[in-house]
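Engineer: Return atomic coordinates for the entry below.
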Amino acid sequence: MRKWFGMIILTLLVGACGTYSSFQWQLDVFPIDPSKNYIVWRFGSVAVDKSAVFCKVDTEGRFEDCQSEKNSNNNKLFVSFFGSPRVVFKYKNEHFLIISSQNTRSGKYAFVYGSSGNAYGQRKRVLRLEDATYVGDFAPGTVTVIPFGWENRHSAAGLKKTVEAGMRQAFGKKADVLKVGVAQKVPVKCDTISHGFWKGSETTCQVK
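Structural biologist: Predicted structure coming up:
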């Protein structure tokens, strides 16, 4: 944990100085583990301190806002700033932030909340669940690409090939054990039911 905390702090300092790619030694020691989930974001659309919550989608396309659930709950996939190893790699003119999730999940999960930009005085950027979100297939050994910031620049197939090539360039042959998939941006309809002041509210969503 100390090693990854130190690497994150160094990455933040490098980012603050205007250098957008991790050092090669950071790429070399980044853990590539086929038993883990990985998430890729467009670096620039989000900052290096990105945190995010994804919630499990059932077979009928429904999911609940699971932010308040314990991180151990199988319906929640959580990515935190301090607990999730991350590096930034570059391929051609694109920069990618890859993060290892804190818990490994399988199935369809929908993005519900995320924030970034707090770490070194940037304007905080918050993404919330609105009338559309990103749904991806998560599994051990899978890299799920969230196409936020890329929607009008790449097809899903083109983005998948770009990330695969970038990972191979950054991490070498060890990246071959991971499978890359691209999440879809889908419309959703959400309803919130209040249970009173003390019990809070419950939000349930349906993928259209």
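
Engineer: Could you list the low-pLDDT ranges of the protein?
Structural biologist: Counting by pLDDT under 70, the chain shows low-confidence ranges at 1-21, 117-126, 195-200.

Engineer: change it to 90
Structural biologist: 1-26, 43-51, 68, 78-85, 93, 101-103, 113-131, 149-154, 192-203, 208 (pLDDT under 90).

Engineer: so who does the residue most central in space within it touch?
Structural biologist: By C-alpha atoms, centre = their mean, the chain has its centre lying nearest to I39, at 4.1 Å. I39 sits next to A52, V79, I98, I99, S101, V143, T144, V145, I146 when contact means C-beta atoms under 8 Å, 6 or more residues apart in numbering. Heads up, the C-betas are built off the backbone N, CA and C, glycines and all.

Engineer: any idea which helix or strand carries the fourth one?
Structural biologist: For I99, the host element (DSSP states H and E) is strand 94-100.

Engineer: Would you mind pulling the contact partners of that strand?
Structural biologist: 20-21, 30-31, 33, 36-44, 46, 48, 50, 79, 84-90, 143, 162-163, 166-167.

Engineer: Tell me which stretches of the chain form strands.
Structural biologist: Remark: strands assigned in the chain by DSSP state E are 38-42, 51-56, 62-64, 76-79, 86-91, 94-100, 107-116, 125-128, 132-138, 142-145, 179-182, 184-194, 201-207.

Engineer: ok, now which ones touch F111?
Structural biologist: Neighbouring residues of F111 by C-beta under 8 Å, 6+ apart: A52, V53, F54, L127, L129, T133, Y134, V135, I146, A183.

Engineer: Next: C190.
Structural biologist: By C-beta under 8 Å, 6+ apart, the contact list for C190 reads D65, L129, T203, T204, C205, Q206.

Engineer: Give me the neighbour count for the fourth one.
Structural biologist: Think T204. T204 sits with 13 neighbouring residues when counted by other C-beta atoms under 10 Å.

Engineer: so what's it closest to, chain neighbours aside?
Structural biologist: Counting by C-beta to C-beta, 6 or more residues apart in numbering, T204 lies nearest to E64, which is 5.2 Å off, once chain neighbours are set aside.

Engineer: and if you look at the third one?
Structural biologist: Counting by C-beta to C-beta, 6+ apart, the nearest residue to T203 once its immediate chain neighbours are dropped is D65, at 3.9 Å.

Engineer: what about the one you found, distance to H154?
Structural biologist: D65 sits 29 Å away from H154, going by C-beta to C-beta, to the nearest Å.

Engineer: Next: Q184.
Structural biologist: Distance, Q184 to H154, using C-beta to C-beta: 13 Å.

Engineer: out of those two, which sits in the busier spot?
Structural biologist: Each of Q184 and H154 has its neighbours counted (other C-beta under 10 Å); H154 has more, 18 against 14.

Engineer: Show the backbone phi and psi for that one.
Structural biologist: phi -140, psi 150 (degrees, to the nearest 10).

Engineer: quick one: contacts for the residue nearest to it when sequence neighbours are not counted?
Structural biologist: If you skip the residues right next to it in sequence, H154 has T162 as its closest partner in space, 6.7 Å away by C-beta to C-beta, 6+ apart. Contacts for T162 (C-beta under 8 Å, 6+ apart) come out as Y91, K92, E94, H154.
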